[in-house]
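Visitor: return atomic coordinates for the entry below.
(one chain, ligands or ions: 2)
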Amino acid sequence: MSDNRYDVIIIGTGAGGGTMAYHLAPTGKKILILERGDYVPREKANWDPQVVNVDAHYNTKESWLDKDGKELHPHTNYYVGGNTKFYGAALFRLRKEDFGELRHHGGISPAWPITYDELEPYYTQAENLYHVHGNRGEDPTEPAASSPYPWPAVSHEPRIQQLSDDLARSGLKPFHVPVGVMLDERNPTKSRCIRCNTCDGFACLVGAKSDAQVVCVDEAIKYPNVTLLTNALVQRLDTDASGREVKTVTVEHKGQTKTYCADIVVVSCGAINSAALLLRSGNDKHPRGLANSSDVVGRHYMGHTNSVLMAISKCPNPTIFQKTLGVNDFYFGSDDFPYPMGHISFVGKLDGITLKAGAPAITPNFTLEFMAKHSLDFWLTSEDLPDPNNRVEVGRDGKIVLSYTPNNLESHARLQAKLKQAMKQTNCAVHGHECHQGLFGQGFFGRNFYVGQRIPLAGVAHQNGTVRFGHDPKTSALDVNCKARDLDNLYVVDGSFFPSSAAVNPALTIIANALRVGDHIKSRLGVVTDAMAGTREIAFSR
Ligand SMILES: Cc1cc2nc3c(=O)[nH]c(=O)nc-3n(C[C@H](O)[C@H](O)[C@H](O)COP(=O)(O)OP(=O)(O)OC[C@H]3O[C@@H](n4cnc5c(N)ncnc54)[C@H](O)[C@@H]3O)c2cc1C
Ligand code: SF4
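Guide: Numbering: from 1, shown residues only. Ligands and ions are numbered 1, 2, ... in the order given. Coordinates of the predicted model:
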């Protein structure tokens, strides 16, 4: 095998690509991982809210365009581990019902080509691999699972426990959010995670967050058959003369252009960049872009309708690790609104620096410092629906154009109203109902403040849907194994395969699906895994 020829090339090292590399590494196959970014440098600034939230130091400096041609600076990160380096590690399974068709106020959320039961074993593997801490049976909408979480839930700190008790008294079923951090509360002196206040949105300085670099890529590259090339931006994929196989992968690496070949190419650049890469790779056999005979590639972009709401109390909120409580009582609707509304949980505790920087006079009644010390900082997610006109395109100059018109917004407004109503019922021992001073709408993401609005388009954290898997070649570019229908050796395993966005965080589903597709690729490579013998090769076949 020549130097630039591999069995498998994986492009991107986030939730999808990093997990795929981990899964395939023990096969002995010659694997090349291409990642456009470098490692996140380990430095004190990793945990500095000024550097991270205000200066947006770790975000890409790329600019994209919106549908009106206005520049936008995406809040996304190009590093080994992808966006999982900065994620909040809330690792949810989709609900069983999310895999079927669901009627929303704003339209239909389409069915997936696989059922929850088909993905369930991979969710279990994913939870074990990413050290998920949670308690089964608390979340009223959680689907059946074949085993308990590998770790007990991260405990609530007193203020969050008080809120949980209040919400439970009012008839709701608050639960512990499943989180992927390497925290051992029974053994704090040995625990890798120190339970700090700079987790969600920050890279973990002590390597204790279950991100795709720490959990997967670092492990994969211990195998001599696996090579990782960082700072390697994949520019295009070219096919052979038949147009049925990706033949070469062209990479810009430290100012040089290099080409690599593989029997199997796995694209996992994130939903926006994967679509852009396929669109940029068009040729005479694929005039609309690679794998795009369906004209689906780039379309149906979804990113959730997200907002942050700060509930201010007279009592302070000294919580350090806030992302432990969730409420799913309104996920599928309520008596007065029979449509799905979504999911309520928390962002990491907001701090004075983050609030002060760039914040206009959010409210005349409170100082920002008071707000930061007294707020409960809720994160609300509602499903946005796949619309073919919400799409990723590549402009003439190669720039990404992201066109998006929000939809299904009534559900999000109803979810906000439900939270407001629930908060009014909270009743503290010192101030009674008077403790709760109000709820302030704030679309907050990184360095910008958008008072009373949703997270803006630049907040692409939950990007998904742009390549789509499915049974119907007219409405999906990928088959049920996430193989591009138009090509024999191309797979896509980042968030772009989602046919609908559901309303819980996406990463665990991306991870579980990468393990599922990884098993398919293993069998295609002639590798079987059995519990007794581990992974072994029986033959090489394609
Ligand atoms: C602040 C923040 C908080 C979040 N919190 C949560 C959470 O709590 N729970 C949750 O489930 N999700 C969360 N998310 C979302 C989660 O991080 C993503 O869903 C997940 O990382 C997506 O995985 P992916 O494999 O699709 O893409 P990514 O993780 O984005 O990985 C894509 C990789 O491809 C690389 N790449 C891109 N283009 C190229 C190219 N042309 N050549 C080579 N490499 C390329 C990128 O550098 C990157 O490493 C959060 C995201 C952010 C930003
Ligand atoms: S130490 Fe724990 S809480 Fe702090 S960033 Fe790391 S994983 Fe998150």
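Visitor: and the strand or helix carrying A168, what does it pack onto?
Guide: Following DSSP states H and E, one finds A168 within helix 158-169. Contacts of helix 158-169 with other secondary structure elements, assessed using 3 or more Cβ pairs under 8 Å, 6 or more residues apart in numbering; DSSP states H and E, are made with strand 325-326, strand 375-382. Glycine gets a C-beta too; all of them are placed from N, C-alpha and C.
Visitor: the first one packs against which elements?
Guide: Secondary structure elements in contact with strand 325-326, counted by 3+ Cβ pairs under 8 Å, 6+ apart, are helix 158-169, strand 175-176, strand 343-346.
Visitor: what's the most buried one of those?
Guide: With neighbours defined as mean count of other Cβ atoms under 10 Å, those peak in mean count at strand 343-346, which reaches a mean of 25.
Visitor: got the CA coordinates for that one in CSV?
Guide: Output in CSV follows, covering the C-alpha atoms of strand 343-346 (Å, rounded to 0.1, in the frame of the first residue of the first chain):
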residue,chain,number,x,y,z
HIS,A,343,-37.1,20.8,26.7
ILE,A,344,-36.1,23.0,29.7
SER,A,345,-32.7,22.7,31.4
PHE,A,346,-29.8,25.0,32.3
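Visitor: quick one: is that strand near ligand 2?
Guide: No: if you take Cβ under 6 Å from any ligand atom as the test, strand 343-346 misses ligand 2, and the best it gets is 13.3 Å.
Visitor: contacting residues around that strand?
Guide: Residues outside strand 343-346 that contact it (Cβ atoms under 8 Å, 6 or more residues apart in numbering): 90, 160, 177, 322-328, 330-331, 376-382, 415, 418-419, 503-504.
Visitor: let's see it at 7 Å
Guide: Counting contacts by Cβ atoms under 7 Å, 6 or more residues apart in numbering, the residues outside strand 343-346 that touch it are 90, 177, 322-323, 325-328, 331, 377-381, 415, 419, 503-504.
Visitor: before we move on, what about stretch 163-175?
Guide: Outside stretch 163-175, the residues that touch it by Cβ under 7 Å, 6+ apart are 138-140, 156, 325-327, 329, 376, 422, 425-427.
Visitor: ok, so of those residues, who is nearest R280?
Guide: Ranking those by separation from R280, with Cβ to Cβ as the measure, puts G326 on top at 38.9 Å.
Visitor: so which of the helices and strands packed on strand 325-326 is nearest ligand 1?
Guide: Shortest separation from ligand 1 across the helices and strands packed on strand 325-326 is recorded for strand 343-346, at 8.6 Å, computed as Cβ to the nearest ligand atom.
Visitor: in a strand, Y491, correct?
Guide: Yes: with the criterion set as DSSP: H, G, I helix; E, B strand; the rest coil, the secondary structure at Y491 is a strand.
Visitor: near ligand 1, which residues of the stretch 151-300 of the chain show up?
Guide: Of all the residues in the stretch 151-300 of the chain, those in contact range of ligand 1 (Cβ under 6 Å from any ligand atom) are 200-201, 233-234, 268-271, 273, 277.
Visitor: possible to save these as TSV with secondary structure?
Guide: Conversion of those to TSV gives the following (three-state DSSP):
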residue	secondary structure
D200	coil
G201	coil
L233	strand
V234	strand
S268	coil
C269	coil
G270	coil
A271	helix
N273	helix
L277	helix
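Visitor: so where's the stretch 1-150 of the chain uncertain?
Guide: 1-2 (pLDDT under 70).
Visitor: where along it do the strands fall?
Guide: 5-11, 31-34, 64-66, 71-72, 102-104, 107-109, 132-133 (DSSP state E, counting those that start in this stretch).
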